[in-house]
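*Asks:* this is the structure alone, sequence omitted:
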């Protein structure tokens, strides 16, 4: 796959090559029989820890009630240890957003904002650095010394009556997410200097046991640098390729550039934050192939955004073909849950009903409540509400597509995914009326191979006709030769032909359409039509 981002960076670039020392061979002394010597030339590290401690070290103790919480966060709160990278990248993004907002409010020049990571196998280090808002001494104590404290939360509170767009860009809460780093680190060193004028730099250091130290430091850049001295059994996190995969999994759409060992990582744009008119068909195809891990071209796409009753942005796709055909395994959910561009749950179940499992894409919401580790959704009532909102919108999307291009819908989409819609009628009582509008069948009023809808059928009904009639047969020829059809044919009453055995079960669940009863032509309920 070849994806070009808005900055012209290609995802086919070698982003996954682990750094290795280069070797250069030079000619040795000619008088030494042409002997050759090899000189190993090491590339400069992407980030160096060259700050100089310059003052008295002070020792601090975490608040008593937070020591136990720290142990929980570091050892058992997160299902996967790798999410600490997501948390620290999210915190860095928060810091950059705070600086951006502050500079804009004060009409000051904005520097190029970015997040950098570096791996060091030799020293067993993983380093994060941003050039964001930074922290002074009091903020280091407040934000890092108290686990339950959240600098981002306080920042959002100040913006409640101000810049809503800026507020919505804050991803997470700094306190708990930061402490997830102790899952993999024996020691964490934080170098930070506030963006405020004439600020002093400091280094914060802790092994996560309940105490931390603070010391003034020279040579600290504005922003924050976090150095993780990895545990002996967590050396994988000093491996470039391993860290690269995690960044791409969770943080690929963070709005600021992310560099790993000087190479840009997040090269794909978060299209769901764009206007529909600004997204080209090629961008849709490339994004769909990336997010769905697919190679085809999407049949349909939907860019959806609303702030009420729940804030949600979605970019959804329908594939060209049904992957479950020919007895293939039932597909998993292919909708991924994000919160402000950061992956919360891959293949999130529960956001769409199971019969819409063929829909692929991204749902991003800042209103979905998550547990403290942001891995699981808590408020089931709100999730059900969101599911209902999304389901209605998706079904309306299909209805719109049917009106815009009936041929494509009737003979391509319904041919591939009609069984899913029928499954929905049997499993989703709240949506079966909307789903019924999407069904298509042949009828005695259509040519062979042409289909009609219930809406079209009812528009052709006579004023005296009270029911919608259908006939279940294996083929059209069998239906037209059926003795149950003869009286309807003689009277000119239209009958819908159904060829799949599951249709009888679907009609039994649906029972009515637009106030008209669905009646099998062979049943005792079928009134004998009056022959004109």
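*Replies:* Arrived safely. As the structure is a computational prediction, the values presented were derived from the model and not from experiment.
*Asks:* who touches stretch 316-324?
*Replies:* Stretch 316-324 has contacts (Cβ atoms under 8 Å, 6 or more residues apart in numbering) with 284, 288, 291-292, 294, 296-302, 304, 330-331, 335, 358-363, 394, 397, 413, 416-417, 419-420. C-beta here means a position set from N, CA and C on the backbone, and glycine is covered the same way.
*Asks:* and if we set it to 6 Å?
*Replies:* Residues outside stretch 316-324 that contact it (Cβ atoms under 6 Å, 6 or more residues apart in numbering) are 288, 296, 298-302, 331, 359-361, 416-417.
*Asks:* ok, now stretch 389-407?
*Replies:* 300, 302, 304, 352-353, 409, 431, 434, 438.
*Asks:* kindly recompute the last result at 8 Å.
*Replies:* 300, 302, 304, 306, 309-310, 312, 314, 316, 351-353, 356, 359, 363, 408-410, 413, 428, 431, 434-435, 437-438, 453.
*Asks:* ok so, going back, just the contacts of stretch 316-324: which are in strands?
*Replies:* Applying DSSP state E to these, the entries found in strands are 300-302, 359-361.
*Asks:* which among the contacts of stretch 316-324 end up buried?
*Replies:* Burial by neighbour count, 16 or more other Cβ atoms under 10 Å: within the contacts of stretch 316-324 this picks out 288, 298-302, 359-361, 416-417.
*Asks:* what about the closest residue to residue 446 other than its chain neighbours, distance to residue 411?
*Replies:* With Cβ to Cβ, 6 or more residues apart in numbering as the measure, residue 452 is the residue that lies nearest to residue 446, at 5.3 Å, once sequence neighbours are left out. Noted for residue 452: a distance of 12 Å to residue 411, by Cβ to Cβ, to the nearest Å.
*Asks:* next: residue 392.
*Replies:* Using Cβ to Cβ, residue 392 is found at 25 Å from residue 411.
*Asks:* and the strands in the stretch 351-500 of the chain?
*Replies:* Counting by DSSP state E, counting those that start in this stretch, the stretch 351-500 of the chain has strands at residues 359-364, 442-443, 467-472, 496-498.
*Asks:* can you count the residues close to residue 383?
*Replies:* 17 (other Cβ atoms under 10 Å).
*Asks:* that one touches residue 349, doesn't it?
*Replies:* No. Residue 383 lies out of contact with residue 349 (Cβ atoms under 8 Å); the separation is 10.3 Å.
*Asks:* chain center to the longest helix belonging to the chain, what's the gap?
*Replies:* Secondary structure assigned by DSSP state H gives helix 380-404 as the longest helix of the chain. Relative to the chain's own centre, helix 380-404 is displaced by 18 Å; criterion: Cα atoms, centre = their mean, to the nearest Å.
*Asks:* buried ones in it, by neighbour count?
*Replies:* For helix 380-404, a neighbour-count test (16+ other Cβ under 10 Å) marks 382-383, 386, 389-391, 394-395, 397-398, 401-402 as buried.
*Asks:* point out where the chain drops to low pLDDT.
*Replies:* Across the chain, residues meeting the criterion (pLDDT under 70) sit at 1-43, 64-70, 72-79, 146-176, 326-328, 369-380, 528-532.
*Asks:* re earlier: out of the contacts of stretch 389-407, which are buried?
*Replies:* Buried members of the contacts of stretch 389-407, counted by 16+ other Cβ under 10 Å: 300, 302, 304, 310, 312, 314, 316, 351-353, 356, 359, 363, 409-410, 413, 428, 431, 434-435, 437-438, 453.
*Asks:* ok so, going back, which among the contacts of stretch 316-324 gets closest to residue 134?
*Replies:* Nearest to residue 134, judged by Cβ to Cβ, of those is residue 361 at 36.5 Å.
*Asks:* beta partners for the closest one?
*Replies:* Note on residue 361: beta-bridge partners residue 316, residue 335, judged by DSSP bridges.
*Asks:* now do residue 304 against residue 336, distance only.
*Replies:* In terms of Cβ to Cβ, residue 304 sits 15 Å off from residue 336.
*Asks:* next one: residue 434
*Replies:* Distance, residue 434 to residue 336, by Cβ to Cβ: 25 Å.
*Asks:* distance to residue 442 added to the buried ones among the contacts of stretch 316-324, as a markdown table?
*Replies:* Listed next are the buried ones among the contacts of stretch 316-324 as a markdown table, based on distance: Cβ to Cβ, whole Å:
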| residue | distance to residue 442 |
| --- | --- |
| 288 | 32 |
| 298 | 28 |
| 299 | 22 |
| 300 | 24 |
| 301 | 29 |
| 302 | 29 |
| 359 | 26 |
| 360 | 30 |
| 361 | 32 |
| 416 | 17 |
| 417 | 18 |
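*Asks:* can you tell me which of those is nearest residue 504?
*Replies:* For these, the nearest to residue 504 is residue 417 (20.2 Å; Cβ to Cβ).
*Asks:* ranges for the helices of the stretch 301-450 of the chain?
*Replies:* With helices called from DSSP state H, counting those that start in this stretch, the stretch 301-450 of the chain shows them at 380-404, 406-408, 414-427, 432-436.
*Asks:* got those helices as JSON lines, with distance to residue 240 columns?
*Replies:* Formatted as JSON lines, the helices of the stretch 301-450 of the chain follow (distance: least, Cβ to Cβ, whole Å):
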{"stretch": "helix 380-404", "distance to residue 240": "37"}
{"stretch": "helix 406-408", "distance to residue 240": "45"}
{"stretch": "helix 414-427", "distance to residue 240": "41"}
{"stretch": "helix 432-436", "distance to residue 240": "49"}
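*Asks:* closest one to residue 513 among the ones you listed?
*Replies:* With Cβ to Cβ, the closest approach to residue 513 among the helices of the stretch 301-450 of the chain belongs to helix 432-436: 5.3 Å.
*Asks:* the closest one packs against which elements?
*Replies:* With contacts taken as 3 or more Cβ pairs under 8 Å, 6 or more residues apart in numbering; DSSP states H and E, helix 432-436 sits against helix 380-404, helix 414-427, helix 502-510.
*Asks:* now these in JSON lines, with distance to residue 105?
*Replies:* Output for these, formatted as JSON lines (distance: least, Cβ to Cβ, whole Å):
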{"stretch": "helix 380-404", "distance to residue 105": "33"}
{"stretch": "helix 414-427", "distance to residue 105": "49"}
{"stretch": "helix 502-510", "distance to residue 105": "57"}
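*Asks:* where's residue 139 relative to residue 435, distance?
*Replies:* Separation of residue 139 from residue 435 (Cβ to Cβ): 54 Å.
*Asks:* and residue 521, how many neighbours?
*Replies:* By the criterion of other Cβ under 10 Å, residue 521 has 23 neighbours.
*Asks:* do I have it right that it meets residue 469?
*Replies:* Yes. Between residue 521 and residue 469 there is a contact at 5.0 Å, judged by Cβ under 8 Å.
*Asks:* common neighbours of these two, please.
*Replies:* Shared contacts of residue 521 and residue 469, defined by Cβ under 8 Å, 6+ apart, comprise 488, 495.
*Asks:* hang on, isn't residue 193 packed against residue 134?
*Replies:* Yes. With contacts counted by Cβ under 8 Å, residue 193 reaches residue 134, the gap being 5.0 Å.
*Asks:* with neighbour numbers in mind, choose between those two.
*Replies:* Legend: neighbour count by other Cβ under 10 Å for residue 193 and residue 134, higher for residue 134 (26 against 21).
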